[in-house]
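> the sequence and its predicted three-dimensional model are supplied below.
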Amino acid sequence: MLELGVCYYPEQWPEEMWADDARKMVSLGLSWVRIAEFTWSLVEPAEGEFNWEWLDRAVDTLGQAGLQVVMCTPTAAPPKWLIDKHPEILPVDENGNVRKFGARRHYCFSSKIYREHAVRIATDFASRYGENEYVCAWQIDNEYGDHNTIYSYSNSAHLAFQDWLRNRYQTIDKLNEAWGTCFWGMAYRSFNQIELPNNLVEEPSPTHLLDFYRFSSDQVVGFNKAQVDVLRDLSPGRPITHNFMGHNTDFDHYAVGQDIDFASWDSYPMGALVYSGMDEDEKAERLRTGIPDQPAFNNDLYRQVGRGNVWIMEQQPGPVNWAKHNQSPQDGMVRLWTWLAFAHGVDVVCYFRWRQSKFAQEQFHAGLLLPNNEPDQAFIEVTQVAHEIAKLPEVGARQQAQVALVLDYPSRWAADALPQGEDYSSSRVAMDWYAALSRQHIDVDIVGPHSDLDGYKLVVVPDMIVDDHDFVDKLEKCAAKVYLGARTGSKSKDMHIPAHLPPGSFSRLLDVKVTRVESLPPYGRDRVKIGDLLGKVTNWREQIVTGDKVLATFQSDFRDGSPALVGSEKCWYGATHFSAELLDALVTKLVGWAGVAASSKTSSNLRITRRGNLMFAFNFANQAAQLDVPKNTQFFVGGHELAPYDVAIWSA
């Protein structure tokens, strides 16, 4: 059953408040509390000098009140004394500027010195709290990638990148061939000559850039695993996580997920809306609800990263402080997001934070309590959720969906390395597909190339740019129908055009060959006709040659009538990115072809999904919605009519 928790910072409040805070948390219905992710300088104010006593008392106070503690390793914020002693651990941005002490995440993943100190402080924490009866789980570090900190251009990163390339290519001739260095006379004679791909006169070789992204991801994986190994040894039986961020794809989350016990992520739908690629009219419509499918997409993604085990470690409770604009969620949205998370497989939702801070950088970031200790709106909504939890029967795990949507991290990096258009966004392409499926109340699993595809009826591959022969083997062998989006298989692992043209090895699934690509501006007038519906092409169009059936064509003053959608018995290929209305029509045809159960009505504001033996409905609109379910349906929460921003839960 759903459990609730909160992020707490005892170091920021007088000690005489701790016991009352803990009592109120338990009374509210919270069972988990996360602490200590920024406490290194407080625990070790000088090298080798420790002050554990205050943290011991905090753990005891919280635990004795009945709370389970998630203890964090504090490596997201190395102390000033360490920076002063080893300034070389600081990260360097792509312009060559050293990023200084004074906030957080001020370290380079490639620094061997910093990794040694990170392992040492993790060992100190695990030695002290590894078998503490109240410490029931661990979080490593905090939000890898926040503040654009995965890619560092320090001397440590430079040397480590050269070593990484030696291991990957073995000989400099193989690297020159892979990078295509003959193109602009860029050939290298040794690995020691290779620079990092920043501050160049022109763009680097896309293979150079992709390899740097791969290297940077591997540095994160290694850094994380070094701490995991310590915790496994000194805190046996306690599950370990890292709190990922939604839509940050600067490193391979699947790879980090292999070393932890459950994935967690930090859900901030308001900020996600502000920074999204939506136009202003769409943002205005969603101003106080966020994008309906953004949190659901990430819940499904991190359920895959955590191999079925996922929490939300930070749930937005109100306005935040860090976006370009920081609007308030509608009243009711914190409750809705909580139940949405549970419906999509999340087992624990922790709110950020217990009490709004009175000082420092996050003064405007809301909490469950106001700075004067009065309940804020989220406190009221969490109280309601806690009461509703008690009404539910036991619920099974989130079931496998009928549809899988593929997210491949190297392909995301490939799109960044060679976008061929300033508005190309793999994240938006994937979200558009997820949203189109969700509008027809179709459950979706996010999967990677490593995932098992057995049991799916439809696999959607939005734009898996980097060709993968092994994954194509899986697609051939599984029983699912397959949809391939534009750009799929368009680059080899070395970022070359495939010998027999795109979609590379994916052409084993159908007879198609891509002979030309275009990135189109917003004012382009190309259209596609699917059935009787004529709709807009967005930012990408391909010219394809096929021997398979043409299912839709372009209408344009350029090569009018050329194929836009083609299909075989096994696979369909789309040669463009479709507008939302065209995607809705395409999804209707796809799921019918694949035999996927779907709603006959598409809804922009209502989402319906299933977990175990329960159905869930979520109304993102500012007006009531009616559920089309039998009159004798047994509701545990809500009923046939959903008020604005309301939730209903009933027996499946």
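Nice, I can see it.

> helices of the stretch 101-250 of the chain, start to end?
Ranges of helices in the stretch 101-250 of the chain, per DSSP state H, counting those that start in this stretch, are 112-129, 155-169, 172-179, 206-234.

> now do the shortest one, average pLDDT.
Mean pLDDT, taken over the full extent of helix 172-179, equals 98.

> what residues sit buried inside that helix?
Residues of helix 172-179 classed as buried by neighbour count (16 or more other C-beta atoms under 10 Å): Ile172, Leu175, Asn176, Ala178, Trp179. Yep, even glycine has a C-beta here, placed from its N, CA and C like the rest.

> one step back: what's the most buried one of the helices of the stretch 101-250 of the chain?
Highest mean neighbour count of the helices of the stretch 101-250 of the chain: helix 206-234, a mean of 21 (counted as mean count of other C-beta atoms under 10 Å).

> angle of that helix against helix 112-129?
30 degrees (axes from the mean of the first three to the mean of the last three C-alpha atoms, to 10 degrees).

> what about helix 206-234, distance to the chain center?
Chain-centre distance of helix 206-234: 17 Å, with C-alpha atoms, centre = their mean, to the nearest Å.

> cool, stretch 251-259 as well?
The mean C-alpha position of stretch 251-259 is separated from the chain mean by 11 Å, C-alpha atoms, centre = their mean.

> looking at the buried residues of helix 172-179, which is nearest Ala263?
Nearest to Ala263 among the buried residues of helix 172-179: Ala178, at 32.4 Å, using C-beta to C-beta.

> elements contacting the host helix or strand of Phe636?
Applying DSSP states H and E as the criterion places Phe636 in strand 635-637. Strand 635-637 sits against strand 647-651, with contacts defined as 3 or more C-beta pairs under 8 Å, 6 or more residues apart in numbering; DSSP states H and E.

> on contacts alone, who are the packing partners of the strand it packs on?
In terms of contacts (3+ C-beta pairs under 8 Å, 6+ apart), strand 647-651 is packed against helix 333-343, strand 614-619, strand 635-637.

> which other residues reach the helix or strand following the second one?
Going back to what we said before, that points to strand 614-619. Per DSSP H and E, strand 614-619 leads on to strand 625-626 as the next helix or strand towards the C-terminus. The set of residues external to strand 625-626 that reach it, using C-beta atoms under 8 Å, 6 or more residues apart in numbering, is Ser603, Asn605, Leu606, Ala617, Asn619, His640, Glu641, Leu642.

> can you list the helices of the stretch 101-250 of the chain in a markdown table and add distance to Asn192?
Listed next are the helices of the stretch 101-250 of the chain as a markdown table, based on distance: least, C-beta to C-beta, whole Å:
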| stretch | distance to Asn192 |
| --- | --- |
| helix 112-129 | 18 |
| helix 155-169 | 6 |
| helix 172-179 | 10 |
| helix 206-234 | 15 |
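
> quick one: closest of these to Pro375.
Of these, nearest to Pro375 by C-beta to C-beta is helix 112-129, at 30.8 Å.

> any idea how far that closest one is from the chain center?
Distance, centroid of helix 112-129 to centroid of chain: 27 Å (C-alpha atoms, centre = their mean).

> what's it in contact with?
Contacts with helix 112-129, where a contact means C-beta under 8 Å, 6+ apart, come from 36, 40, 43-44, 50, 52, 56, 59, 71, 73-75, 78, 82, 86, 88-89, 107-108, 135, 138, 140, 156, 222-223, 226-227, 230-231, 233-235.

> report the longest strand in this structure, please.
strand 533-546 (DSSP state E).

> in whichever helix or strand comes after that strand, what counts as buried?
Scanning forward in sequence from strand 533-546 by DSSP H and E, the next helix or strand is strand 549-555. Residues Leu551, Ala552, Thr553, Phe554, Gln555 are the ones in strand 549-555 that count as buried (16+ other C-beta under 10 Å).

> quick one, phi psi at the residue nearest to the second one when sequence neighbours are not counted?
Counting by C-beta to C-beta, 6 or more residues apart in numbering, the nearest residue to Ala552 once its immediate chain neighbours are dropped is Leu565, at 3.8 Å. When quoted as degrees, to the nearest 10, the phi and psi of Leu565 stand at phi -150, psi 130.

> wait, Leu565 touches Asp548, no?
No. The pair Leu565 / Asp548 is not scored as a contact, 10.4 Å apart, by C-beta atoms under 8 Å.

> so the two - more neighbours on which side?
Leu565 (24 against 18; other C-beta atoms under 10 Å).

> residues in contact with that one?
Val528, Ile530, Val550, Leu551, Ala552, Trp572, Tyr573, Gly574, Ala575, Leu586.

> which one of those residues sits closest to Arg355?
Leu586 (47.8 Å).

> now do the contacts for that closest one.
Ala436, Ile530, Leu565, Gly574, Phe578.

> quick check: buried residues in the helix or strand harbouring it?
With secondary structure defined by DSSP H and E, Leu586 is part of helix 580-594. Neighbour-count burial for helix 580-594, counted by 16+ other C-beta under 10 Å, picks out 580, 582-591, 593-594.

> try stretch 27-37
Buried residues in stretch 27-37 (16+ other C-beta under 10 Å): Leu28, Gly29, Leu30, Ser31, Trp32, Val33, Arg34, Ile35, Ala36, Glu37.

> picking that back up, after the helix holding Leu586 comes which helix or strand?
Taking DSSP H and E, what comes next after helix 580-594 is strand 606-611.

> ok, back up a step: just flag the most distant two among the contacts of Leu586.
Of all pairs in those, the most separated under C-beta to C-beta is Ala436 and Leu565 at 14.5 Å.

> that older thread, make JSON lines from the buried residues of strand 549-555 and add pLDDT and distance to Asp467 to it.
Listed next are these as JSON lines, based on pLDDT from 0 to 100; distance: C-beta to C-beta, whole Å:
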{"residue": "Leu551", "pLDDT": "97", "distance to Asp467": "24"}
{"residue": "Ala552", "pLDDT": "96", "distance to Asp467": "25"}
{"residue": "Thr553", "pLDDT": "96", "distance to Asp467": "27"}
{"residue": "Phe554", "pLDDT": "97", "distance to Asp467": "25"}
{"residue": "Gln555", "pLDDT": "96", "distance to Asp467": "31"}
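
> picking that back up, pick the one among the buried residues of stretch 27-37 closest to His387.
Nearest to His387 out of these is Gly29 (C-beta to C-beta; 7.8 Å).

> show me what contacts the closest one?
For Gly29, the contacting residues are Leu4, Val382, Thr383, Val385, Ala386, His387, Ile389, by C-beta under 8 Å, 6+ apart.
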